[in-house]
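>>> when you get a sec, could you give me coordinates for this:
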Amino acid sequence: MKGDSPDNGYITNFEFQLVIMKKLLFCLLALLGFTTRAYPVTEEPTSVLNVYYPEFSRMDLVCGKMPDTSQKNVEFCCEAAFTGELLNEFKHMNIADNHICKGEMKKGYRCRANTGGFVWGNGKWKFMMKADFPTTAKGWNMGFCQLMVIKDGVARPISSKMRLKKTIYRALCEKDGKLCIIEAKKAMTYESFVKSMVDIKVKNALYLDMGSGWNYAWYRDKNGKVKELFPASKLSPAYKYRTNWVTFYKD
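Below you'll find the predicted structure:
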């Protein structure tokens, strides 16, 4: 009947309960979204390269133990600096050259192969030649040394030993004002890898450690699903000897 409809501007007890339930449901969904939220890595492949752009809020050089896939705030992590010896226990001195992790400078072994470096802190980053790598943390949250591949858009000189070496390469890069990880889709010569990055206008590129065991990496795709790179590498005898990882976080 018409008289049963509350047209007098007052809300019924049932309607009040319905509003409360909707609000509770909204809060619950928001909470679930917060605790399981995904931090997508944008993938932009070319004909010969895979380019990964993490949407990160901070970076670190994680040392000793690789970040686990259960860490929801990790977007991308992969090997960074070279490891010196195959040691059963972790030592910072087994990482190639001095490095910064968690805002602290750590002493590593001197590595002649390293020609460049990278640091990040307070939302800013810098690619540099090894001679310019800081002697103290100086406010940088992380940093490490490696082989400089491209500096300010210009490919660095390639040694005759490296030029025709064929494998799958990976680098930490700056492209179009963004940081990214670039990896070859298949084995190619180092010279071809460098040229491929120059062709897509990579401004800066720093080599990342690869090889059986060291090439394992993981990231989260646009749906928050963990994607592994070289998962079979976990079976390599060298897998347990890895020492450090460049890691992107979204907090």
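>>> in this structure, where is pLDDT below threshold?
Applying pLDDT under 70 to the chain picks out residues 1-39.
>>> what about the helices in it?
Assigned helices in the chain, in chain order: 13-35, 160-163, 190-199 (criterion: DSSP state H).
>>> L164 versus R58, what's the distance?
Taking Cβ to Cβ, to the nearest Å as the measure, R58 falls 38 Å from L164. From N, CA and C alone the C-beta is placed, and that goes for glycine too.
>>> nope, F133 is what I was after
To L164, F133 is 29 Å away according to Cβ to Cβ.
>>> please apply the same query to T243.
T243 sits 28 Å away from L164, going by Cβ to Cβ.
>>> now do the strands in the stretch 151-251 of the chain.
154-155, 166-167, 170-175, 178-184, 188-189, 202-207, 217-220, 226-229, 244-249 (DSSP state E, counting those that start in this stretch).
>>> report all helices and strands that the longest one contacts.
The reference is to strand 178-184. The contact analysis (3 or more Cβ pairs under 8 Å, 6 or more residues apart in numbering; DSSP states H and E) places strand 178-184 against strand 49-54, strand 170-175, helix 190-199.
>>> and I150, which of those is closest to it?
Closest to I150 of the helices and strands packed on strand 178-184 is helix 190-199 (Cβ to Cβ; 6.1 Å).
>>> helices or strands next to that closest one in the packing?
Using 3+ Cβ pairs under 8 Å, 6+ apart, helix 190-199 is in contact with strand 148-151, strand 154-155, helix 160-163, strand 178-184.
>>> quick revisit: most tightly surrounded among the helices and strands packed on strand 178-184?
Among the helices and strands packed on strand 178-184, ranked by average contacts under mean count of other Cβ atoms under 10 Å, first place goes to strand 170-175 (a mean of 23).
>>> ok, residues contacting that one?
With contact meaning Cβ atoms under 8 Å, 6 or more residues apart in numbering, strand 170-175 is reached by 51, 78, 80, 118, 125, 127, 146, 149-150, 179-184, 197, 200-208, 210, 215, 217, 246.
>>> among those residues, name the buried ones.
For the contacts of strand 170-175, a burial check counting by 16 or more other Cβ atoms under 10 Å picks out 51, 78, 80, 118, 125, 127, 146, 149-150, 179-184, 197, 202-208, 210, 215, 217, 246.
>>> before we move on, the earlier item: of R58 and L164, who's got more company?
R58 (16 against 11; other Cβ atoms under 10 Å).
>>> the residue nearest to the more buried one when sequence neighbours are not counted: how many residues sit nearby?
What sits nearest to R58 in space, not counting adjacent residues and going by Cβ to Cβ, 6 or more residues apart in numbering, is Y249, at 4.9 Å. Y249 has 19 neighbouring residues, counting by other Cβ under 10 Å.
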